[in-house]
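> A structural model of the following input is requested.
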Amino acid sequence: MQPLANKNKTLNFLAGFLLASLTSCSASQNKVTNSTPVDSLPPPYATKSVTNFSHVMGWEDGRTPTAPNGFTVTKYADKFENPRWMYVTPNGDVLVAESNSNHTLLEKIGGSIIGASKSNNLSNSIDRITLLRDTNKITLLRQPFSLLLMPVFLLAFSQINVPFTWLDVLYPFLIIHVLVYPASNGYNSYVDRDEHSIGGLEKPPMPTKRLFYVTLAMDFTAIVVAALWVSVPFSLCLVAYILASRAYSSRQIRLKKYPITGFLLIAFFQGAFTYYMSYLGITKTFLDINNTTIWILAACSFQIAGVYPLTQIYQHQQDLADNVVTISYKLGYKGTFIFSGIMFFLCNVCYFMYFNKIDLLSQFYIIQIFFIPIVAFFVFWFSLVLKNEENANFKNTMLMNLIAAICMNTCFAIILIKNNNQ
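Numbers count the residues shown, from 1 in each chain. Here you go, the predicted structure:
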């Protein structure tokens with residue numbers, strides 16, 4: 001055992017010597033690079049202390065603090081007086097405590113003189129606790145925007161020629177337009193977390209987890225109420241629509257990122273399928289799909305196919321940032337208008353074929369009258385975009401949607417009244 005002990009002592013000595021050498025070199029280097037003659041330093045308290053006060057200011061002109069790549073800063077609440085403490089309650093509410101030290105009059109005067117008032121609140125403490133409650137779940141449901149999809153329901157209602165009560169109409173209408181459509185809007189906002197304009201909201205707030213739970217509750221309520229008060233087949237149609245909507249937005253499936261697939265999904269489910277579902281909900285009978293009704297179903301889908309790309313035209317960069325390639329982006333600004341124009345033309349061809357087959361071309365002519373304002377603004381907007389692509393913006397898109405919704409809702413309401421008076 002003695003030779004091994006001597007060997008260990010030797011190794012320990014060599015290791016210690018090497019470490020001491022390295023430390024000495026390091027200290028020597030530091031001494032050379034950081035040396036300052038002692039006699040060049042001023043004596044203690046020989047110079048006056050420097051005091052600088054920061055100037056506290058709010059977020060002006062929509063500006064926000066700069067965040068690292070991949071992160072964004074969004075204002076959650078403002079107009080506080082010296083907020084010092086924040087607590088998030090189990091139900092998602094936020095409590096903010098506002099307080100600060102109270103100062104004497106002389107301290108306030110002195111603080112103003114030396115500049116301390118720029119960075120410190122010298123006013124008396126407000127001693128307040130503020131409750132912040134999430135209201136984004138209501139805003140992001142975009143109820144008014146859901147009513148822009150009402151023309152398809154009214155068209156289906158106008159073509160019903162079997163006895164019905166107004167409750168037969170009211171229940172499906174409320175279920176679709178007050179529960180299902182807004183829930184789809186809310187879920188889409190929750191998943192996308194849009195920072196820029198979306199349909200119906202120029203400056204959308206950030207969604208929260210509570211919005212997600214609200215959309216689930218609305219979907220569940222719609223399905224249950226439909227099954228109990230309307231019919232089970234209508235309820236199953238709602239399930240199919242909701243699943244398609246979720247597949248469109250969900251991060252796991254995300255059909256919206258495929259330009260053709262996403263386009264076809266929306267055109268079918270918001271067009272032909274919604275017409276079929278509305279007819280089923282009101283009459284509680286299945287629509288007979290034949291060589292006549294196929295034209296009205298196609299007309300609904302072509303109508304949605306014309307509007308849908310126009311709703312994407314101002315979101316190209318926003319969608320690309322989210323790895324979503326829309327059909328409008330693939331077509332370009334000019335191509336989007338040309339494509340939508342073709343879809344509207346095919347829509348009118350299908351309307352003509354349907355109303356001609358049922359010997360009611362007068363209703364087709366009514367539709368043409370109400371198409372005039374839509375086509376007029378469509379052409380005007382297209383001319384603006386040809387001059388400046390910045391005119392393909394949120395404001396013009398929403399104006400186009402509003403004109404189309406008002407005209408088509410009025411049109412189908414007149415046809416409805418006309419048919420019920422016969």
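> got the contact list for the most centrally placed residue in the chain?
The geometric centre of the chain, computed from its C-alpha atoms, lies nearest to residue 189 (C-alpha atoms, centre = their mean), at 3.4 Å. Taking C-beta atoms under 8 Å, 6 or more residues apart in numbering as the criterion, residue 189 is in contact with 140, 142, 198, 204, 207, 211. Every residue, glycine included, has its C-beta placed from N, CA and C.
> 10 Å instead, please
By C-beta atoms under 10 Å, 6 or more residues apart in numbering, residue 189 lies in contact with 136-137, 139-142, 198-199, 201, 204-207, 211-212, 215, 249.
> go on, residue 188?
Counting by C-beta under 10 Å, 6+ apart, residue 188 makes contact with 140, 142, 194, 198-199, 207, 215, 245-246, 248-250, 256.
> pLDDT of stretch 190-198, averaged?
For stretch 190-198, mean pLDDT is 83.
> quick one: end-to-end distance for it.
Distance across stretch 190-198, first residue to last, is 12 Å (C-alpha to C-alpha, to the nearest Å).
> I'd say residue 171 and residue 234 touch.
Yes - the pair residue 171 / residue 234 is scored as a contact, 9.1 Å apart, by C-beta atoms under 10 Å.
> okay, those two: which has more neighbours?
residue 234 (24 against 19; other C-beta atoms under 10 Å).
> distance of the more buried one relative to residue 268?
According to C-beta to C-beta, to the nearest Å, residue 234 and residue 268 sit 18 Å apart.
> going by distance to residue 60, which of the contacts of residue 188 wins?
Nearest to residue 60, judged by C-beta to C-beta, of the contacts of residue 188 is residue 194 at 23.6 Å.
> which residue sits closest to the closest one, ignoring its sequence neighbours?
In space, and not counting its chain neighbours, residue 194 is closest to residue 204: 5.2 Å by C-beta to C-beta, 6 or more residues apart in numbering.
> the one you found: how many residues sit nearby?
20.
> that's a strand at it, yeah?
No - assessed by DSSP: H, G, I helix; E, B strand; the rest coil, residue 204 does not belong to a strand; its assignment is coil.
> list the contacts of it.
For residue 204, the contact set (C-beta under 10 Å, 6+ apart) comprises 136, 139, 140, 142, 189, 192, 193, 194, 195, 196, 197, 198.
> got a markdown table for the contacts of residue 188, with neighbour count, distance to residue 53 and secondary structure too?
Formatted as a markdown table, the contacts of residue 188 follow (neighbours: other C-beta atoms under 10 Å; distance: C-beta to C-beta, whole Å; DSSP: H, G, I helix; E, B strand; the rest coil):
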| residue | neighbour count | distance to residue 53 | secondary structure |
| --- | --- | --- | --- |
| 140 | 26 | 41 | coil |
| 142 | 22 | 46 | coil |
| 194 | 21 | 39 | coil |
| 198 | 22 | 42 | strand |
| 199 | 20 | 47 | coil |
| 207 | 23 | 39 | coil |
| 215 | 27 | 48 | helix |
| 245 | 24 | 54 | helix |
| 246 | 19 | 54 | helix |
| 248 | 22 | 54 | helix |
| 249 | 19 | 49 | helix |
| 250 | 15 | 51 | coil |
| 256 | 24 | 51 | helix |
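> can you lay out these as CSV showing distance to residue 81?
Formatted as CSV, the contacts of residue 188 follow (distance: C-beta to C-beta, whole Å):
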residue, distance to residue 81
140, 29
142, 34
194, 32
198, 33
199, 37
207, 28
215, 36
245, 44
246, 44
248, 45
249, 40
250, 43
256, 44
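> wait, which of these is closest to residue 148?
Among these, residue 199 lies closest to residue 148 (C-beta to C-beta), at 8.1 Å.
> where's that closest one relative to residue 304, distance?
Distance of residue 199 to residue 304, computed by C-beta to C-beta: 13 Å.
> and the pLDDT at the residue nearest to residue 185 when sequence neighbours are not counted?
Of all residues not flanking residue 185 in the chain, residue 142 sits nearest, at 4.4 Å (C-beta to C-beta, 6+ apart). Residue 142 carries a pLDDT score of 86 in this model.
> spit out the contact partners of residue 142.
Applying C-beta under 10 Å, 6+ apart to residue 142 gives the contacts 148, 181-182, 184-186, 188-189, 198-201, 204.
> coming back round to it: residue 361: which of the contacts of residue 188 is nearest?
Nearest to residue 361 out of the contacts of residue 188 is residue 199 (C-beta to C-beta; 34.3 Å).
> confirm that residue 397 sits in a strand.
No - the assignment for residue 397, made by three-state DSSP, is helix rather than a strand.
> where's the nearest residue to it once chain neighbours are set aside relative to residue 334, distance?
Leaving aside its sequence neighbours, residue 397 sits nearest to residue 314 (C-beta to C-beta, 6+ apart; 5.4 Å). Distance of residue 314 to residue 334, given as C-beta to C-beta: 15 Å.
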